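# Just need the structure, nothing else, for what follows:
(one chain, ligands or ions: 1)
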Amino acid sequence: MFENYNVPKELKPSDPRFGCGPSLIPVEFLKSLAATGTELLGTSHRKPAVKNLVKEVREGLMEYFNLPEDYSVVLGNGGATFLFDSIGLGMVEKKSVHYTCGEFSSKWFKAHNKIPWIEAEEVSVDFGGGINPENRSDADMICCTLNETSTGVIVHEFPEVDENTILAVDATSGGGQVACDLSKVDLFFFGPQKVFASEGGLWIAIMSPKARKRALQLAEDKSRYIPDIMSWKTAIENSDKNQTYNTPAIATFFFLNEQIKRMNKAGYQGVIDEGKRRAELLYGWAEEKDYLSPYIKEEKFRSTCVATIDVDDKVDASALVNRLLAEGSVYNIDAYRKLGRNQFRIAMFYNISYEDLEKLTKILSDAIESELK
Ligand SMILES: Cc1ncc(COP(=O)(O)O)c(C=O)c1O
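All right, here's what the predicted structure looks like:
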């Protein structure tokens, strides 16, 4: 199936990158990085050029998310998965409750569940369903995933938590595009390789004063062995000085900063609205075609960053995905590997243009309808 399919010339997208992990980095950013010549790459992260870049990133995020002044933007190396462990090790007092609906939320739960000095509880729904996190008086951390990248589910309602409870949100693939009032969240973390159009390997944690206090207090608990690389105290102290504990990839900061500037021009609400517009396009198309259907049945849980669209069994979705990849027009729209569904999973991140997404729907329809004829 689809072996000989070629994308019609008029439907070629301006950029073939529609994958969710990681997302496209605009080619203009690569050119601007090259133009920095000897100024940044290969210079020390303890000297002004890089420290000013990190400062711009931290201030840019404060502006973008309209953060209260007493919030901290903390960063370090290791990506979001690294934080699954270090949050459990150094930020949970006794118990975390995890609202899970897919691979990533459940992976975070599993990381906490291995830690001997805390208890972790999972509240889950079957893959394909959405979940509303709730406050729990027996827990001191509530964990949820803003955009579950494996299934394409968003959290659209956040609970008010108790004075001593941390509301922690993994915002890796939704942060910046899925609506969330960060002044109600204590720990909002992400890797910058999705909406923020940078490389992987860095983590960013936006912390409320409550979260910062908890991290610094638990750092004093010497009964917990926490490796230095995972120390929240060290990460906070370095970030306050616009540095990371160990050597970062400077290009990652550069791309991130370019994207924050671009998103600040549009504003948080502007980017959220663009996500909704893209989502209407993709789910509307999936509902209209009888060989497609949105995987997430309850509309309010459908992601505005990652669309998951089931394909009728008569059509081999992965054969088409592979053909488009080989042909060079569309990359990486396969279903999350462990989900094992006959599905397209398409990123709708801010940098993926509406016009290209429109072309993508036309390509997929053209290919499928010519096979089904
Ligand atoms: C929701 C979510 N959390 C965590 C991760 C892991 O991020 P990283 O690769 O930066 O460790 C991902 C990666 O795709 C993700 O989508």
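
# need the residues of the stretch 1-150 of the chain near the ligand, please.
Within the stretch 1-150 of the chain, the positions adjacent to the ligand are 21, 79-81, 104, 145, 149 by Cβ under 6 Å from any ligand atom. To be clear about C-beta, it is placed using only N, CA and C from the backbone, and glycine gets the same treatment.

# and of those, the nearest to K359?
G21 (21.7 Å; Cβ to Cβ).

# ok, now which ones touch the closest one?
Shown in contact with G21 (Cβ atoms under 8 Å, 6 or more residues apart in numbering): 149, 173, 193-194.

# For those residues, which two are the farthest from each other?
Maximum pairwise distance in those, criterion Cβ to Cβ, is 11.0 Å, between T149 and Q193.

# end-to-end on stretch 27-46?
This stretch, stretch 27-46, spans 28 Å end to end (Cα to Cα, to the nearest Å).

# Neighbour count and pLDDT for the contacts of G21 - can I get that in a markdown table?
Output for the contacts of G21, formatted as a markdown table (neighbours: other Cβ atoms under 10 Å; pLDDT from 0 to 100):
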| residue | neighbour count | pLDDT |
| --- | --- | --- |
| T149 | 26 | 96 |
| S173 | 32 | 96 |
| Q193 | 24 | 98 |
| K194 | 28 | 97 |
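
# Export the residues you listed as CSV, with columns for secondary structure.
Output for those, formatted as CSV (DSSP: H, G, I helix; E, B strand; the rest coil):
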residue, secondary structure
T149, coil
S173, coil
Q193, coil
K194, coil
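
# Could I get the contacting residues of whichever residue of the stretch 151-300 of the chain sits closest to the ligand?
Nearest to the ligand in the stretch 151-300 of the chain, going by Cβ to the nearest ligand atom, is G191, at a distance of 3.0 Å. Residues in contact with G191 (Cβ under 8 Å, 6+ apart) are 79-80, 172, 200-204.

# What's the first helix or strand after the longest helix seen in the chain?
Ranked by residue count, the top helix of the chain under DSSP state H comes out as helix 268-288. Going down the chain from helix 268-288, the next helix or strand is strand 292-294, by DSSP states H and E.

# how does the protein divide into domains?
The record, using automatic domain parsing to delimit domains, assigns the chain the ranges 9-25+268-372, 28-266.

# Kindly check the end-to-end length of the last one for me.
By that I understand domain 28-266. One end of domain 28-266 sits 18 Å from the other (Cα to Cα).

# Quick one: distance of it to the chain centre.
On the basis of Cα atoms, centre = their mean, to the nearest Å, domain 28-266 is displaced by 10 Å from the centre of the chain it belongs to.

# cool, and the first one?
Between the centre of domain 9-25+268-372 and the centre of its chain there are 17 Å (Cα atoms, centre = their mean).

# Span of that domain from start to end?
One end of domain 9-25+268-372 sits 22 Å from the other (Cα to Cα).

# average pLDDT across it?
Averaged across domain 9-25+268-372, pLDDT comes to 96.

# need the contact list for the most centrally placed residue in the chain.
With distances taken as Cα atoms, centre = their mean, S173 lies nearest the centre of the chain, 1.5 Å away. Contact analysis of S173 by Cβ under 8 Å, 6+ apart lists 20-21, 146-147, 149, 190, 194-195, 305-306.

# how far away is it from E163?
S173 sits 30 Å away from E163, going by Cβ to Cβ, to the nearest Å.
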